[in-house]
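> sequence and predicted structure are below.
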Amino acid sequence: MKIYYFKILLGLFLIISLNSANAQYQSLFGTTQTSWNLYSQDMPGDFMDSLVVCCDTVINSKNYKVVDDYKFCFGCNPNPNLFSKVLFLREDTTIGKAWQITPDDTINENLIMDLSLTITDSFEVASQFYDVDSVYVKNGKKHIRLVGPLYTSSYDEKYTMIEGVGTNIGIGVDFFYGGPGNSLYLLCSYKDNNVEYQNTHPMYSGYCFLLTGINENENNIKINVYPNPSINELTIDYFGKKLDNLKIEIYNTTGKLELIKELRSGKTTVNTYDLSTGIYFIALKDNQKTIATQKWVKTE
């Protein structure tokens, strides 16, 4: 009888062990919406991008997610502007790995994430190998941190893979940004229009206002900002579906929120006297959701 119970317990132990071994990692993708909002620096200046999963495709008999790049740029209409379809992503949540291919090379996959790594392993980023520095769990997500630095010259951080998110510099680094020549920082990521990840750096904590999905302009909502450039005052006209709880938020190029004003009618005037000269991004929000954007320049 003791042997019989021992066999039962052993069987249960094996079943639990197998189930644990086959437990899935969190997916990078939401059910209806996925995006990564990035701050980047290169020679022309500072930029804000939103990488948005738009749809599915099949390449070489494998299923991929297509990722679009929406970029804020001076003179673009609309703004943000759909810059390009930058990459294709796929994942295997049973082993915690993700790969990308690009429109220029749909044959050679690039491994961009591996959550099975240990501190005895190394990982290739932008044609250079870095040792694993540490493995830990934070906020219910497994993190793999490398010895190599983050691609942002201003911050003392290390390249980190984050379960269910990607990395702390975003997605598609090798192709989209070309490695350490440009500086990157992941502001936040969204799944199903909910914040999945928010950076904790003091300079950017809480700053995340770019596209949260692909349907922000589905009601053909627009804003017109004038005069542009202007000095101490600007006017904002609102066109489109009538909505309640509208407000205007003005951000600088680093993503810092500088000014908030409720929009109670189709036109509002904003006093910008206290703002420094420079480039700003104006976001029209409805209950915290960005529904229209425009770029504005303040001059002396």
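On my side now, so go ahead. Numbers count the residues shown, from 1 in each chain.
> going by C-alpha atoms from here, please, whenever you check contacts or count neighbours.
Will do.
> can you give me the helices for the stretch 101-250 of the chain?
Using DSSP state H, counting those that start in this stretch, the helices of the stretch 101-250 of the chain run over 173-176.
> okay, now the unreliable bits of it?
149-156, 172-183, 201-221, 241 (pLDDT under 70).
> redo that, cut-off 50
Residues of the stretch 101-250 of the chain meeting the criterion pLDDT under 50: 153-154, 175, 177-181, 210, 212-219.
> what pairs with the longest strand along the chain, parallel or antiparallel?
In the chain, assigned by DSSP state E, the strand with the most residues is strand 45-59. Applying DSSP bridges, strand 45-59 is found paired with strand 34-42 (antiparallel), strand 62-71 (antiparallel).
> which of these has the lowest mean pLDDT?
Lowest mean pLDDT of those: strand 34-42, a mean of 77.
> pLDDT of the host helix or strand of residue 270, averaged?
Using DSSP states H and E, residue 270 maps to strand 267-271. Average pLDDT, strand 267-271: 90.
> export stretch 227-247 to PDB, keeping only CA atoms.
Only the C-alpha atoms of stretch 227-247 are listed here, as PDB (Å, rounded to 0.1, in the frame of the first residue of the first chain):
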ATOM      1  CA  PRO A 227       0.100  80.800 -35.500                       C
ATOM      2  CA  ASN A 228       3.000  78.300 -35.900                       C
ATOM      3  CA  PRO A 229       5.600  79.400 -35.000                       C
ATOM      4  CA  SER A 230       4.400  81.900 -32.400                       C
ATOM      5  CA  ILE A 231       5.700  83.700 -29.300                       C
ATOM      6  CA  ASN A 232       3.500  84.000 -26.200                       C
ATOM      7  CA  GLU A 233       0.100  82.700 -27.400                       C
ATOM      8  CA  LEU A 234      -1.300  80.100 -29.700                       C
ATOM      9  CA  THR A 235      -4.800  79.100 -30.800                       C
ATOM     10  CA  ILE A 236      -6.000  75.500 -31.200                       C
ATOM     11  CA  ASP A 237      -9.000  74.600 -33.400                       C
ATOM     12  CA  TYR A 238     -10.700  71.300 -33.000                       C
ATOM     13  CA  PHE A 239     -12.400  69.500 -35.800                       C
ATOM     14  CA  GLY A 240     -14.300  66.200 -35.700                       C
ATOM     15  CA  LYS A 241     -16.700  64.200 -33.500                       C
ATOM     16  CA  LYS A 242     -17.900  66.000 -30.400                       C
ATOM     17  CA  LEU A 243     -16.400  64.400 -27.300                       C
ATOM     18  CA  ASP A 244     -16.500  65.200 -23.600                       C
ATOM     19  CA  ASN A 245     -13.500  65.400 -21.300                       C
ATOM     20  CA  LEU A 246     -11.200  66.800 -23.900                       C
ATOM     21  CA  LYS A 247      -7.900  68.500 -22.900                       C
END
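> lovely, talk soon.
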